[in-house]
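Q: Below: sequence and its predicted model.
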Amino acid sequence: MMLVGNNQELNFYRGFFILNRRVRLFKDALVLLILLVVVSTKSSAANVLYSSVSPEFPNGLHVKYLQYIASKMNMQLDIVPMPFARRMASLQRGQIDLMVSMQKEQKIDQNFIYIYPSYEQLRHTFFVLAGQQTKLTQFEDLLGLNIGVTIDVKYFQNLEQQQGLNLLAVSTLKQKIELLLIGRIDTFIHYQQGTEPVLKLMQLENKVVVAPYQPAELNEYYVVISKKSRLFPYQEKLQHVIKAAVENNDFGKIREQHFQP
């Protein structure tokens with residue numbers, strides 16, 4: 001009877017040790033799997049270019065510029081639409097890696113890095129209500145008008161330096177159009193190529209028109225990253241991508257194709 005008891009006890013402990021060993025092996029395998037997932041996730045995240053565009057143009061020209069840049073950098077693209085001011089703050093904090101359509105004149109954080117050369121030149125355009133074109137025939141007329149602008153966007157030099165202008169800053173182009181329609185502003189300024197498709201979509205192309213006065217200055221626009229961007233160590237490669245694109249007129253071709261009827 002004693003021998004049987006000893007064998008039963010021995011078998012019990014043997015089974016316990018085998019089970020314990022299997023549990024440890026399972027835990028080790030689980031830890032290894034978790035580590036692999038974490039490393040894989042970090043690796044995948046490191047290969048993603050995070051950026052942002054205006055919520056009004058989630059499939060607009062800037063998206064196509066970003067798709068081009070991400071492709072040339074061999075990165076996936078993740079875009080979160082945000083108003084301009086939020087985009088600037090997110091870039092400053094390193095929440096997004098890169099922005100397009102930034103002007104050199106803008107007073108921005110020292111952590112921001114312009115990628116040379118500029119990738120395009122554009123002229124801002126004033127719009128007024130049809131039938132009220134005589135309100136704005138020369139620069140001096142702006143002194144007596146309420147002008148719609150975009151928050152934190154800088155325009156041409158004369159406008160920035162002129163004292164006494166009545167500027168009403170909003171977040172979106174649509175807000176500027178709506179303020180013009182209800183008479184809260186007399187004119188607004190925006191890119192012509194970006195404004196005209198929106199007016200057509202709103203069926204306002206005959207009601208909101210280009211003003212007789214227009215600034216002569218062209219503005220240079222740049223790709224910008226920050227020192228907190230994951231692209232900061234690769235700014236030399238990024239600069240090579242932008243330089244080659246400008247030399248090959250790739251951005252111009254993208255813009256031309258985007259605005260084709």
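A: Nice, I can see it.

Q: Could you use CA atoms for every contact and neighbour count after this?
A: Fine.

Q: So what's the residue count around the residue lying closest to residue 129 once chain neighbours are set aside?
A: The shortest distance from residue 129 to any residue that is not its chain neighbour, by CA to CA, 6 or more residues apart in numbering, is 4.6 Å, and that residue is residue 208. Residue 208: 23 surrounding residues under other CA atoms under 10 Å.

Q: cool, and residue 224?
A: Using other CA under 10 Å, residue 224 has 21 neighbouring residues.

Q: which ones are touching it?
A: With contacts defined as CA atoms under 8 Å, 6 or more residues apart in numbering, residue 224 is in contact with 98, 99, 100, 102, 112, 113, 114, 115.

Q: Tell me which stretches of the chain form helices.
A: If DSSP state H is used as the criterion, the helices of the chain fall at 2-46, 61-72, 84-93, 157-161, 173-181, 192-201, 235-247, 250-258.

Q: mean pLDDT lowest for which of the ones you listed?
A: Among the helices of the chain, helix 2-46 has the lowest mean pLDDT, at a mean of 52.

Q: ok so, going back, hang on, the residue nearest to residue 129 packs against residue 130?
A: Yes: under the criterion of CA atoms under 8 Å, residue 208 lies in contact with residue 130, with a separation of 5.6 Å.

Q: gap between the residue sitting nearest the centre point of the chain and residue 210?
A: Taking CA atoms, centre = their mean as the criterion, residue 52 is the residue nearest the geometric centre of the chain, at 2.4 Å. As judged by CA to CA, to the nearest Å, residue 52 and residue 210 stand 28 Å apart.

Q: and if you look at residue 51?
A: Summarising the geometry, the distance separating residue 51 from residue 210, computed by CA to CA, is 31 Å.

Q: of these two, who's got more company?
A: For the pair residue 51 and residue 210, the greater number of neighbours falls to residue 51 (23 against 20), based on other CA under 10 Å.

Q: looking at it, that one is touching residue 76, isn't it?
A: No: distance between residue 51 and residue 76: 10.9 Å, which falls outside the contact criterion (CA under 8 Å).

Q: ok, back up a step: of the contacts of residue 224 - the most surrounded one?
A: The member of the contacts of residue 224 that has the most neighbours, counting by other CA under 10 Å, is residue 98 with 27 neighbours.

Q: which residues does the closest residue to that residue other than its chain neighbours contact?
A: Across the structure, with CA to CA, 6+ apart as the measure, the residue nearest residue 98 apart from its sequence neighbours is residue 225 (4.6 Å). If you count contacts by CA under 8 Å, 6+ apart, residue 225 has them with 91, 97, 98, 99, 112, 113, 114, 115, 231, 232.

Q: Please consider this matter closed, and thank you.
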